[in-house]
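Undergrad: Test case, fold it:
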Amino acid sequence: MVGRGTNTMGIACMLAMLLCLGGAGWAQDTHTSAKSKKLKLSLGTGTLGGLYYIFGGGWARVLNDVLPEVEVTAESSPGSVANNQLIQAGKMGLGFSQASTAFEAYNGLAWAKGTKYTRVRGMVALYPATLTIYSLESRGLRGLRDLNGKNVGLGPAGAGVDQFGRNVFEVLGIKPKKIHNLPHEQTAKAVGDGQLDAAMTVQLAPWPGLKDLETSANLKFIPLSTEEISKIRAKYSYYSVSALPKGSYKGITEDVPSLGDWNFGLCDSQLPEELVYKLTKATFGGQKQLLLTHRAAEYTIPENVKFITIPLHPGAYKFYQEVGASVPPGMKPPQTGGR
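TA: Numbering: from 1, shown residues only. Down below sits the predicted model:
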């Protein structure tokens with residue numbers, strides 16, 4: 001057996017485990033250390049091998065370098081869903097999330113099952129990503145419908161891609177034999193070893209995990225048809241039309257139509273306004289340093305605030321007003337006329 005068949009229990013178990021790990025920085029999110037006199041913040045990223053984990057380390061370094069009064073620690077987590085849950089529970093100050101996952105959390109949709117995560121707030125738009133569906137070429141899979149009755153990996157339970165994939169299957173009536181939840185790198189390895197028929201990930205191409213897999217395997221990247229994209233977006237309008245660019249992987253000789261999602265930095269609504277203002281300003285001021293971590297930072301600019309899908313923290317909103325970035329009315333903090 002290579003992974004779980006459901007995500008509900010997996011997410012619940014991992015969240016319970018993370019909530020108990022006080023020594024790892026989850027139990028006490030923000031506090032001032034008597035010894036260091038620094039405000040400590042946990043930053044929830046993702047699993048090893050994913051871009052959240054890589055980018056998160058660089059982002060923490062930028063914030064710590066610019067703001068000596070703050071100590072930000074990048075923590076590995078299951079991903080988007082878990083990060084929203086931990087912020088809502090008051091166990092984390094900052095976290096990564098896919099825009100769709102944060103929208104579902106704030107509005108109580110899909111996996112949130114009617115519970116509105118009103119404590120999460122938008123802070124900075126980081127980079128876009130594309131739904132990437134891949135398998136070994138030898139499996140003979142050509143379209144999404146071919147995933148019926150197959151073993152499919154959707155990354156770790158609690159990651160945005162897990163819910164993304166389930167949403168796609170639900171709309172299109174696709175029923176895999178089993179859905180497996182493993183960390184991103186293990187999922188890619190399981191595809192390469194033939195344990196999984198196919199897998200999904202949501203990454204800014206090229207993702208190193210797939211580039212590594214291509215050195216020993218011929219991969220097929222499965223496209224979405226125009227009809228499939230329209231059906232999915234009719235229900236989940238927050239997914240955007242996207243594509244894997246030609247040449248982004250060895251197995252891609254022409255653009256592969258798909259869906260996209262933005263990734264952004266969340267924060268706790270209870271963090272002080274001035275602190276979040278400084279964190280937001282420091283993020284954009286440190287963009288050149290972020291680019292040394294990953295080229296995804298080329299998208300980390302104030303103008304992309306328009307891709308955030310939930311209300312901003314007042315501190316972040318203050319920064320965007322200061323630099324003249326256009327904030328959609330529905331993304332303004334509630335007390336300033338947002339939803």
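
Undergrad: the domain parsing of this protein - what is it?
TA: What automatic domain parsing lists as the domains of the chain is 8-127+263-336, 130-261.

Undergrad: Can you give me the end-to-end span of the shortest one?
TA: Looking back up the chat, that one is domain 130-261. 6 Å (C-alpha to C-alpha, to the nearest Å).

Undergrad: could you give the mean pLDDT of it?
TA: Domain 130-261 shows an average pLDDT of 96 in the prediction.

Undergrad: show me where this protein has helices.
TA: 8-20, 51-66, 80-88, 99-107, 160-172, 184-192, 208-214, 226-235, 273-285, 287-293, 314-323 (DSSP state H).

Undergrad: For S135, list the residues it contacts.
TA: By C-beta atoms under 8 Å, 6 or more residues apart in numbering, the contact set of S135 is 141, 191, 197-199, 219-220, 222. Glycine gets a C-beta too; all of them are placed from N, C-alpha and C.

Undergrad: Show me which strand runs longest in this protein.
TA: strand 120-136 (DSSP state E).

Undergrad: any idea of the angle that one forms with helix 273-285?
TA: Angle of strand 120-136 versus helix 273-285, following axes from the mean of the first three to the mean of the last three C-alpha atoms, to 10 degrees, is 40 degrees.

Undergrad: Any chance of CSV for the contacts of S135, columns distance to P156?
TA: Converted to CSV, those look like this (distance: C-beta to C-beta, whole Å):
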residue, distance to P156
L141, 22
V191, 15
D197, 19
A198, 17
A199, 12
L219, 21
K220, 23
I222, 21
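
Undergrad: Tell me the gap between stretch 161-174 and the middle of its chain.
TA: Mean-position distance between stretch 161-174 and its chain equals 16 Å (C-alpha atoms, centre = their mean, to the nearest Å).

Undergrad: ok, and the closest non-adjacent residue to G285?
TA: Spatial nearest neighbour of G285, excluding adjacent residues (C-beta to C-beta, 6 or more residues apart in numbering): V66 at 6.3 Å.

Undergrad: What is the neighbour count of the closest residue in space to L219 that isn't next to it in sequence?
TA: Computed as C-beta to C-beta, 6+ apart, the closest residue to L219 that is not its neighbour in sequence is G251, at 4.3 Å. A total of 17 residues lie near G251 under the criterion other C-beta atoms under 10 Å.

Undergrad: how close does G251 sit to W207?
TA: The gap separating G251 from W207 is 13 Å, by C-beta to C-beta, to the nearest Å.

Undergrad: for the contacts of S135, which one is nearest Y134?
TA: Closest to Y134 out of the contacts of S135 is L219 (5.3 Å), distances taken as C-beta to C-beta.

Undergrad: Could you give the bridge partners of the residue nearest to H313 when sequence neighbours are not counted?
TA: Excluding the flanking residues, the one nearest H313 by C-beta to C-beta, 6+ apart is R121, at 3.9 Å. R121 forms beta bridges with C267, as assigned by DSSP bridges.

Undergrad: separation between R121 and T309?
TA: R121 is 12 Å from T309, by C-beta to C-beta.

Undergrad: Between these two, point out the one with more neighbours.
TA: Counting neighbours by other C-beta under 10 Å for R121 and for T309 shows that R121 has the greater number, 28 against 24.

Undergrad: Tell me if I'm right that that one and I308 touch.
TA: No: with contact defined as C-beta atoms under 8 Å, R121 does not count as touching I308 (9.4 Å).
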